[in-house]
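Trainee: I'll drop the sequence and a predicted model, then ask my questions.
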There are 2 protein chains.
Amino acid sequence: MKKSMIVVCAAMMAGSMFAQQNLFGPAQVKSPEINPDGTITIRFKGPKAKTVKVEGDFLPEKLIETPQGVWAIHPAADLVEGKDGIWEYTTPEPVPADYYTYTLTIDGVKTVDPANVYINRDVATITNQLIVSREKGDNGDLFSVNDVPHGTVRSMWYYSKELGTNRRITVYTPAGYETSGKKYPVFYLLHGAGGDETAWYTQGRATQILDNLIAAGKAEPMILVMTNGNAWDTAAPGESSEGFQQPGALTLNREGTKEAAFELHFPDVMKFVEKNFRCKTDKNSRAIAGLSMGGFHSQAISRYYNQKFGYVGLFSGATGGVQALSQKPQESPVYTQFDADFAKQFAKGKEPKLFYIACGKTDFVMPGVKALREYMDQHNYKYEYNESEGGHIWRNWRNYLVEYAQKIFK
Amino acid sequence: MKKSMIVVCAAMMAGSMFAQQNLFGPAQVKSPEINPDGTITIRFKGPKAKTVKVEGDFLPEKLIETPQGVWAIHPAADLVEGKDGIWEYTTPEPVPADYYTYTLTIDGVKTVDPANVYINRDVATITNQLIVSREKGDNGDLFSVNDVPHGTVRSMWYYSKELGTNRRITVYTPAGYETSGKKYPVFYLLHGAGGDETAWYTQGRATQILDNLIAAGKAEPMILVMTNGNAWDTAAPGESSEGFQQPGALTLNREGTKEAAFELHFPDVMKFVEKNFRCKTDKNSRAIAGLSMGGFHSQAISRYYNQKFGYVGLFSGATGGVQALSQKPQESPVYTQFDADFAKQFAKGKEPKLFYIACGKTDFVMPGVKALREYMDQHNYKYEYNESEGGHIWRNWRNYLVEYAQKIFK
């Protein structure tokens, strides 16, 4: 019996490979390619195409004037057709080590690079992924999966009494958590408008960053909690009972969203985390930070639930925005005591160990960040400030996270 | 201060939305659309395109003769151009409730549907996802995220002494696991050649299936363990230290793969799971099953590590294939005692509670499945057999899982 089965099954296995593998066929071109001189080449095989363009944050930057100030953009670049219908574009300069995203536009239709299987979904935005890393410790390396001890990443659900619904959450525990028996500090990391509980885990590279920083002894082992900040949603698109619906246009006044609904439900998150994980629960073992809308949320939550967070981080933080989040801000207790709550947060001897503000020079939220800093300066509230190059972009947010993660719980 | 910040930040928040949202712009067409009559329409806006085709497993089936026997295929269908450069295809018949995948081929280039953000990667194969569900309990419903208690899904790493490396694994625990204090039975679910530790979790819909079956009282709460069955790999493409490399062609004789390397490392998986989770560890609280190559693995592992598994499932199982997995099968103890080990597995009073074999009528592995059944019939080894319609396809494997999951641990 064994011999006949061996023959039959050798054929089966071979067949099985072709049946499942490479639906796109063997890749006809290599794209992207990181060249020895540090430039990047994008290729597309399409003999019938008339125009092929690439858009991506590794392309040369251009500053433009807008009513909101100077913005940094990366204008699309043209691929040029060569032999055999293979189109090509190479960056004019070496590209710095980093994580990038890009798309192709073929005859006017924006889509992904068919030769690159690494794709990210950010709500309704689909992009290809690309990492450039040249040496240990550079940004590309920090954002990569390396041969270091890895933490565990969980997609799980918690019940929010405040919102009356189950909600999805991403929780990272550091390498060794399962068997150490130890308690760990907790870092709540919030996404922006246009994100969900997967954002920091995917293009935010937060779990890779923590794995690498912890392995290098540069960050403390910690639990990382990534919430869904859209109070009207229960989970990322495709992961909720709404199914595979096309993600709708964002609005901050969606049905079911109450004033400051996300902030008011936050104690449900903290209770869940502290019940289900081995957490240190003193103020200086709790950090919060967020990008854009998540910066707004971090400021509001750390102010309203006063003396709960020893570390607060605002990454391109939309630091005001009360009206944007609610048409009736005056009705929410989260906002009505702004000055008084802020004063309590910075009461002498009770200040946060770190209040970290970071913003890009060409970021359109800069006016709000300036206003917040002036307010804090006037009141003598101490903060640390990181003004970087660039605008309202993930590259900055990842960099701010790398810096912030090394400052907390120390 | 508050008022000025409100004004500034309302603008900021609005800007932030546009900066992050809808890189593809508002969707120009709705695709896919499930019509009231049950048909499905695929649309593509491309005024400059010359030909647009759709390939997918919801298209009408066609049987073809091949040297390996009759195969079921779904020939590509043409989209037809209408007004404003909008191309359209509608299925001739209503499409049964199920989970489907598809791609578009635009002017000869295979790619995804730019209007559908739901994308799956299966090694090097990228497809769009689509679920049709009409009523509670139908297949589409079973494969959907529903408003039921959800388990937790972990991506984590274990060390394999046998392979000398850390490896990635997906572990599902049922709703309530974190706080119940109870022990649970464990189900090891293995992918095929052309898959990895994410395969059953993504297009296999295994965690949705278990959430739904457990919530309906049709399956026992259980821990579900999804391994990476490619011994030469440590993790799915993009999740290992190999970075975002184009996944290579599959070969079952890759460098670093020893004879029966996956099977021989399996005790490392079991030890890790039983150390890190609250597991029942008696034979009848352990199940194993796999699709295609994973069926081969399941049969080999349950035979070689005798009396460890009360339930064994072979879904389109490549049930022989020794030579395909190793050029020197005679050197591996996993294979040398085939008859004797099989006899021990089915020793009187020690038989598995369930030995489940499932295969599609037009599946090219059918000859191997027939040979195995004949062998088992000759030796009076009892098994349950499910012969379904269709071939070597995920639709069958999901259905087999639905059936198998309701039979184990009872």
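Mentor: The structure has been received and is ready for your questions.

Trainee: And the helices in the stretch 51-200 of chain A, which stretches?
Mentor: Ranges of helices within the stretch 51-200 of chain A are A:139-142, A:177-180, based on DSSP state H, counting those that start in this stretch.

Trainee: tell me the most buried of those helices?
Mentor: Highest mean neighbour count of these: helix A:139-142, a mean of 21 (counted as mean count of other CB atoms under 10 Å in any protein chain shown). Every C-beta, even on glycine, is put in place using the N, C-alpha and C of the backbone.

Trainee: Go ahead and measure how far that one is from the middle of the chain.
Mentor: 15 Å (CA atoms, centre = their mean, to the nearest Å).

Trainee: averaged over its residues, what pLDDT does it have?
Mentor: For helix A:139-142, mean pLDDT rounds to 94.

Trainee: which other helices and strands contact it?
Mentor: For helix A:139-142, the packing partners by 3 or more CB pairs under 8 Å, 6 or more residues apart in numbering or on different chains; DSSP states H and E come out as strand A:98-106, helix A:206-215, helix A:394-405.

Trainee: Kindly reformat these as TSV containing mean pLDDT, mean neighbour count and distance to B:D363.
Mentor: Formatted as TSV, the helices and strands packed on helix A:139-142 follow (pLDDT from 0 to 100; neighbours: other CB atoms under 10 Å in any protein chain shown; distance: least, CB to CB, whole Å):
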stretch	mean pLDDT	mean neighbour count	distance to B:D363
strand A:98-106	96	23	37
helix A:206-215	98	22	39
helix A:394-405	96	23	44
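
Trainee: and the residue lying closest to A:K30 once chain neighbours are set aside, how many neighbours?
Mentor: Excluding its sequence neighbours, the residue lying closest to A:K30 (CB to CB, 6 or more residues apart in numbering or on different chains) is A:R43, at 6.5 Å. By the criterion of other CB atoms under 10 Å in any protein chain shown, A:R43 has 23 neighbours.

Trainee: Given the host helix or strand of A:R43, what are its sheet partners and their directions?
Mentor: If you go by DSSP states H and E, A:R43 is part of strand A:40-45. Sheet pairing of strand A:40-45 (DSSP bridges) gives strand A:33-34 (antiparallel), strand A:86-90 (antiparallel).

Trainee: just those: most buried one?
Mentor: In terms of average neighbour count - mean count of other CB under 10 Å - the standout among those is strand A:86-90, at a mean of 19.

Trainee: Quick one: mean pLDDT for that strand?
Mentor: pLDDT averaged over strand A:86-90 gives 98.

Trainee: before we move on, what about stretch A:300-308?
Mentor: 96.

Trainee: Quick check: end-to-end length of that stretch?
Mentor: 12 Å (CA to CA, to the nearest Å).

Trainee: try stretch A:164-182
Mentor: 33 Å.

Trainee: can you tell me how far the residue in the stretch 51-200 of chain A that chain B sits nearest to sits from A:G313?
Mentor: Closest to chain B within the stretch 51-200 of chain A is A:G194: 3.2 Å, counting by CB to the nearest CB. Plainly put, A:G194 is 19 Å away from A:G313 if you go by CB to CB, to the nearest Å.

Trainee: Comparing these two, which residue is more hemmed in?
Mentor: Applying other CB under 10 Å to A:G194 and A:G313 shows that A:G313 carries more neighbours, namely 33 against 23.

Trainee: if I pick the more buried one, what's in contact with it?
Mentor: A:G313 makes contacts with A:287-290, A:295, A:298, A:354, A:356, A:358, A:400, A:404, as judged by CB atoms under 8 Å, 6 or more residues apart in numbering or on different chains.

Trainee: That one should be in a helix, yeah?
Mentor: No - counting by DSSP: H, G, I helix; E, B strand; the rest coil, A:G313 falls outside a helix, being strand.

Trainee: State the pLDDT value of it.
Mentor: So A:G313 comes in at 98 (pLDDT).

Trainee: so what's it closest to, chain neighbours aside?
Mentor: A:G313 sits nearest to A:A289 (CB to CB, 6+ apart), 2.9 Å away.

Trainee: and if you look at A:K182?
Mentor: A:R278 (6.7 Å).

Trainee: Quick check: the one you found touching A:V186?
Mentor: No - the pair A:R278 / A:V186 is not scored as a contact, 10.0 Å apart, by CB atoms under 8 Å.

Trainee: More neighbours: the two, which one.
Mentor: The neighbour comparison of A:R278 against A:V186 (other CB under 10 Å) goes to A:V186, with 23 against 13.

Trainee: which residues sit in contact with the more buried one?
Mentor: A:222-225, A:273-274, A:277, A:279-280, A:285-287.

Trainee: Okay, and the beta partners of A:L130?
Mentor: Under the criterion used (DSSP bridges), A:L130 bridges to A:Y100.

Trainee: can you put the helices and strands packed on helix A:139-142 in CSV and add distance to B:E88?
Mentor: Converted to CSV, these look like this (distance: least, CB to CB, whole Å):
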stretch, distance to B:E88
strand A:98-106, 19
helix A:206-215, 41
helix A:394-405, 36
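
Trainee: Which one of these lies nearest to B:E162?
Mentor: helix A:206-215 (23.8 Å; CB to CB).
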